[in-house]
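Visitor: got a sequence here, can you build the structure:
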Amino acid sequence: MEGKILVVDDEKGIRDSLGDYLTRHGFVTFLAEDGVIALEKIREAEPDIVVLDFQLPLMDGLDVCRKIRRETDQSTGIIMISGVHKEAVDRIVGLELGADVYMTKPFEASELVAQIRALLRRIQSKKQVAMTGWLVADDYLRINFKARMVKAGGEEVHLTKLEFDLLKYLAERSGIPVARSDLIDYVWKYEAGGDISDGAVNVAITKLRSKIEPDPSHPRYIHSMHGIGYYFKIKKDRRE
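Guide: Presented below is the predicted three-dimensional model:
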């Protein structure tokens, strides 16, 4: 079994179909129709990931997300699902409350499985970092988030603060596509008055690749995703 997943959705058809699909793909799956039941099942079953609908009866998804983070810190992954067209405010609020991934309906079940597997790898990487201090991408690249140290090919690589923050943000979301707008929001943090362009992000990525990639012209770690942005890949990642 690949992990324990709790699906929280008030629509029975969606809830049951997702549960069946995830079970067929090797996950141990639990279901909840509202936020109150979801919190009870989280305490009982301790799922690795909660697939959480934004709009729920009794307690909405944001409140559930907030309570999960209070009780489990970062040990439980959260994928927030919204039936409303993606809006920047809702998305940012959801992520700031602790959601790891934000998706909108309708979506392909295979896309959800890909996000779940990527998030499970990310959680495993966090455990690795907690135990050893290092995220080991492979035999070539190692990252120490606490010491802000990077080793590539056995040699320490000297990154600027921006370059390290950019690498850290991507590596902590291994396998998950990150939009350029997210990088601007969470890495640059409006330090330049909100005038950072997509082109500036691309330039920063190019410089970072030149320092950590064995062959920057054929990236091993930082990959481009057309029309979206970038994603970081470790040796166990695979695009689903």
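
Visitor: in the protein, what helix or strand scores lowest on average pLDDT?
Guide: In the chain, no helix or strand scores lower on mean pLDDT, DSSP states H and E than helix 88-96, which sits at a mean of 58.

Visitor: domain-wise, how is the protein divided?
Guide: Domain ranges of the chain: 4-119, 133-232, per automatic domain parsing.

Visitor: nearest to Ser125, of those domains?
Guide: domain 133-232 (5.5 Å; Cβ to Cβ). Using the backbone N, CA and C atoms, a C-beta is placed for each residue, glycine as well.

Visitor: and that closest one, how far out from the chain middle?
Guide: Remark: domain 133-232 is offset 15 Å from the chain centroid, using Cα atoms, centre = their mean, to the nearest Å.

Visitor: Leu56 contacts Val50, correct?
Guide: No - using Cβ atoms under 8 Å as the test, Leu56 is too far from Val50 to be in contact (11.8 Å).

Visitor: can you list the buried residues in the lengthiest helix in the chain?
Guide: As assigned by DSSP state H, the longest helix anywhere in the chain is helix 109-132. For helix 109-132, a neighbour-count test (16 or more other Cβ atoms under 10 Å) marks 112-123, 125-126, 129 as buried.

Visitor: pLDDT averaged over that helix - what is it?
Guide: Confidence for helix 109-132, expressed as mean pLDDT, is 84.

Visitor: next: stretch 206-214.
Guide: What stretch 206-214 shows for mean pLDDT is 97.

Visitor: what does stretch 176-194 give?
Guide: 78.

Visitor: okay, that stretch in CSV with CA atoms only?
Guide: Backbone C-alpha positions of stretch 176-194 (Å, rounded to 0.1, in the frame of the first residue of the first chain) are rendered in CSV as follows:
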residue,chain,number,x,y,z
ILE,A,176,4.7,19.4,-7.8
PRO,A,177,4.5,22.1,-10.5
VAL,A,178,5.0,25.6,-9.2
ALA,A,179,3.7,28.6,-11.1
ARG,A,180,6.0,31.6,-11.6
SER,A,181,3.5,33.8,-9.8
ASP,A,182,3.9,31.6,-6.7
LEU,A,183,7.6,31.9,-6.9
ILE,A,184,7.3,35.7,-7.0
ASP,A,185,4.8,35.7,-4.1
TYR,A,186,6.6,33.4,-1.8
VAL,A,187,10.3,33.7,-2.8
TRP,A,188,10.6,37.3,-3.8
LYS,A,189,7.8,38.3,-1.4
TYR,A,190,7.2,41.6,-3.1
GLU,A,191,10.7,42.8,-2.1
ALA,A,192,10.9,44.8,-5.3
GLY,A,193,7.5,46.4,-4.9
GLY,A,194,5.7,43.7,-6.8
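
Visitor: buried residues, it. List them.
Guide: In stretch 176-194, counting by 16+ other Cβ under 10 Å, buried: Ile176, Pro177, Val178, Ala179, Arg180, Asp182, Leu183, Ile184, Asp185, Val187, Trp188.

Visitor: out of those residues, which one sits closest to Ile79?
Guide: Closest approach between the buried residues of stretch 176-194 and Ile79, by Cβ to Cβ: Ile176, at 10.1 Å.

Visitor: on that earlier part again, any common contacting residues for Leu56 and Val50?
Guide: Val8, Ala38, Val64 (Cβ atoms under 8 Å, 6 or more residues apart in numbering).

Visitor: follow-up on the earlier one: comparing the domains of the chain, which comes out most buried?
Guide: domain 4-119 (a mean of 18; mean count of other Cβ atoms under 10 Å).

Visitor: any idea how far apart the tips of it sit?
Guide: By Cα to Cα, to the nearest Å, the extent of domain 4-119 from end to end equals 12 Å.
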